[in-house]
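K.L.:
got a predicted structure here, sequence first:
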Amino acid sequence: MSVVVVIAVMLLLLLIRIPVGFAIAIAGTLGLYIHGGLSVVLGVLQSAPLAAVSSYSLSPIPLFILMAQFVVASGVMDDLFHASRVWIGRVRGGTGIAATGAGAMFAAVSGSSTAAAATLAHTSSTKMIESGYSPRISTGLVAVVGTLAAMVPPSIILVFYAILAEQSVGKVLVAGFVPGALVTGALIITLMILVKVNPASAPAGQRYAWADKLRSLRTAGPVLALFALVTGTVYFGVATPTEAAALGAVGGFALMAARRRVTWSAIKHAIVETINSSVMILMIILGAHILGYFITSTRVTPAVVEWVGSLDVAPIVVIVFLALCYVVLGFFLDQIAILALTVPIVLPLVLELGYDPIWFGVLIVLLAEIGLVTPPLGLNVFVVARTARHPVTEVFWGALPFVLALITVAALLIAFPDIVLWVPNTMSAE
């Protein structure tokens, strides 16, 4: 009964727009008080803050956020989009494919879905509409491409999951590489189908000379080098995730300097945004620790595991049911909140069913991406609609075919877990 009360209080706090970390912490504190009294509450509150935020594994988060801020400030997205269009833009729908490719490259060095969506909306969707693309397809595609930042390494969301699940940060990070590539490919295929069905939704492409293509590599090269620096050093065991994140932050600053975007105001803005985002994430982790103490004391997790184990159904049925639950949660909560609320309860069940925790983390991050582009929350949709100055409903409808592509990739990951585990299983030891 106490668990139901705590969940109800937490949902109520979230509905009245209390910040996620505080809502989780308040609900968890209430649960501890109901279950054990004031002495238990005081004991947990004395130890939880230090235990929650003192872990060395948390250190990549602010560094990856700082890297993302530097990359955004460098203004590289315009040139990435142009470089992609020079190489791919000659086919009908090529500008949209270029926007997807540029978005994937930007996601690989930004780590923030919202930042990626806002930047893509400002560059790619505007240029696509000016080129004669359907506004619905242009904005819907960009909103979904922005979610790649949650999957393509280095991803702050994947780091957050690794910490919650007590898994190797490096292995969880690189596990997102192949699924991220699959999502990118699925979005491109979906776009090509839409253009084939309705050729009027996209204009004919423009050819570029090889000299132009080679010149465009000067833009894409540094971004790809930064991605290789961060992900490659982790994969080959040359650097820890923290060291790789620090290299990424230095590389992001170098990218700013190379593009002559270094100003005191830009640096100040990057540092302030990094602090704000890092503190928000740390508060959510603290809240999750407090709630975790309560969940542990109620022994609800072993009870759920035992109950599911008694069901006469195949493990895949349970996984599909959990996947549907994550899609529904994504309609109302952001990714970090979903992970903080569910991982401590659901992960033991998934392990009991015999599934790999790294695979499960990548899967639920992909499912949580769907919530970024579906109503009623649809944060990426609102960001793109505001930036591109188009109706929210139009962006939601435009995103729908691409959401189906995300669901298709999720189904593939459920059916073939080795798609996720292949790369982390071949990486060098950390």
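P.N.:
Received, thanks. Numbers count the residues shown, from 1 in each chain.
K.L.:
for the rest of this, base every contact and every neighbour count on C-alpha atoms.
P.N.:
Noted.
K.L.:
burial of residue 315, as a residue count?
P.N.:
Neighbourhood size, residue 315 [other C-alpha atoms under 10 Å]: 17.
K.L.:
name the residue closest to the centre of this protein, please.
P.N.:
In the chain, the C-alpha nearest the mean C-alpha coordinate belongs to residue 150, at 1.6 Å (C-alpha atoms, centre = their mean).
K.L.:
is it true that it touches residue 160?
P.N.:
No - applying C-alpha atoms under 8 Å as the test, residue 150 and residue 160 come out as separate, 10.7 Å apart.
K.L.:
buried residues of the helix or strand residue 41 falls within, list them for me.
P.N.:
Here residue 41 is covered by helix 38-53, with elements defined by DSSP states H and E. Of the residues in helix 38-53, those buried under the neighbour-count criterion (16 or more other C-alpha atoms under 10 Å) are 40, 41, 44, 45, 48, 49, 52, 53.
K.L.:
can you give me the pLDDT of the residue lying closest to residue 88 once chain neighbours are set aside?
P.N.:
On the basis of C-alpha to C-alpha, 6 or more residues apart in numbering, the spatially nearest residue to residue 88 that is not a chain neighbour turns out to be residue 94, at 5.4 Å. The model reports residue 94 with a pLDDT of 79.
K.L.:
make residue 1 into 421 and carry on from there
P.N.:
Sounds good: first residue 421 from here, last item residue 514.
K.L.:
neighbours of residue 514, how many?
P.N.:
Look at residue 514: counted by other C-alpha under 10 Å, it has 25 neighbours.
K.L.:
that one contacts residue 502, correct?
P.N.:
No - in this structure, residue 514 is not within contact of residue 502 by C-alpha under 8 Å, at 11.5 Å.
K.L.:
what angle do the host helix or strand of residue 685 and helix 458-473 make?
P.N.:
Using DSSP H and E, residue 685 falls within helix 684-718. Here helix 684-718 runs at 140 degrees with respect to helix 458-473, directions being taken by axes from the mean of the first three to the mean of the last three C-alpha atoms, to 10 degrees.
K.L.:
which secondary structure elements does helix 684-718 contact?
P.N.:
helix 440-456, helix 458-473, helix 480-494, helix 755-772 (3 or more C-alpha pairs under 8 Å, 6 or more residues apart in numbering; DSSP states H and E).
K.L.:
how about a cut-off of 10 Å?
P.N.:
Contacting helix 684-718 under the criterion 3 or more C-alpha pairs under 10 Å, 6 or more residues apart in numbering; DSSP states H and E are the following elements: helix 422-435, helix 440-456, helix 458-473, helix 480-494, helix 576-585, helix 661-678, helix 720-730, helix 755-772.
K.L.:
go through those helices and pick out the most buried.
P.N.:
helix 480-494 (a mean of 26; mean count of other C-alpha atoms under 10 Å).
K.L.:
quick one on the thing from earlier: right, and the residue nearest to residue 508 touches residue 609 too?
P.N.:
No - the criterion here is C-alpha atoms under 10 Å, and residue 514 misses it with residue 609 at 11.6 Å.
K.L.:
can you give me the neighbour number for residue 741?
P.N.:
Other residues within reach of residue 741 by the criterion other C-alpha under 10 Å amount to 11.
K.L.:
from the contact counts, what lies against the helix or strand harbouring it?
P.N.:
Secondary-structure element containing residue 741, defined by DSSP H and E: helix 735-750. Using 3+ C-alpha pairs under 10 Å, 6+ apart as the contact criterion, the neighbours of helix 735-750 among helices and strands are helix 720-730, helix 755-772, helix 777-791, helix 812-835.
K.L.:
packing partners of the first one?
P.N.:
Right, the one you point to is helix 720-730. Counting by 3+ C-alpha pairs under 10 Å, 6+ apart, helix 720-730 packs on helix 684-718, helix 735-750, helix 755-772.
K.L.:
and of those, who's closest to residue 455?
P.N.:
The stretch from the helices and strands packed on helix 720-730 with the least distance to residue 455 (C-alpha to C-alpha) is helix 684-718; that distance is 7.8 Å.
K.L.:
any buried residues in the closest one, and which?
P.N.:
Neighbour counts using 16+ other C-alpha under 10 Å place 686-687, 690-691, 693-694, 697-698, 700-715, 718 of helix 684-718 among the buried residues.
K.L.:
cool, and stretch 604-617?
P.N.:
Neighbour count says stretch 604-617 has 604, 605, 606, 607, 608, 610, 611, 612, 614, 615 buried, by 16+ other C-alpha under 10 Å.
K.L.:
mind showing which ranges of the protein have poor pLDDT?
P.N.:
By pLDDT under 70, the weakly predicted segments of the chain are 421, 509-510, 528-535, 625, 848-850.
K.L.:
residue 542: which of the helices and strands packed on helix 684-718 is closest?
P.N.:
With C-alpha to C-alpha, the closest approach to residue 542 among the helices and strands packed on helix 684-718 belongs to helix 480-494: 11.9 Å.
K.L.:
surely residue 728 and residue 739 touch.
P.N.:
No - here residue 728 does not reach residue 739: they are 11.2 Å apart, not a contact under C-alpha under 10 Å.
K.L.:
mind listing the shared neighbours of these two?
P.N.:
Taking C-alpha atoms under 10 Å, 6 or more residues apart in numbering as the contact criterion, the common neighbours of residue 728 and residue 739 are 769, 773.
K.L.:
spit out the contact partners of the closest residue to residue 561 other than its chain neighbours.
P.N.:
Taking C-alpha to C-alpha, 6+ apart, and ignoring the residues beside it in sequence, residue 561 has residue 819 as its nearest neighbour in space, at 5.9 Å. By C-alpha under 10 Å, 6+ apart, the residues touching residue 819 are 556-565, 793-794, 801, 813.
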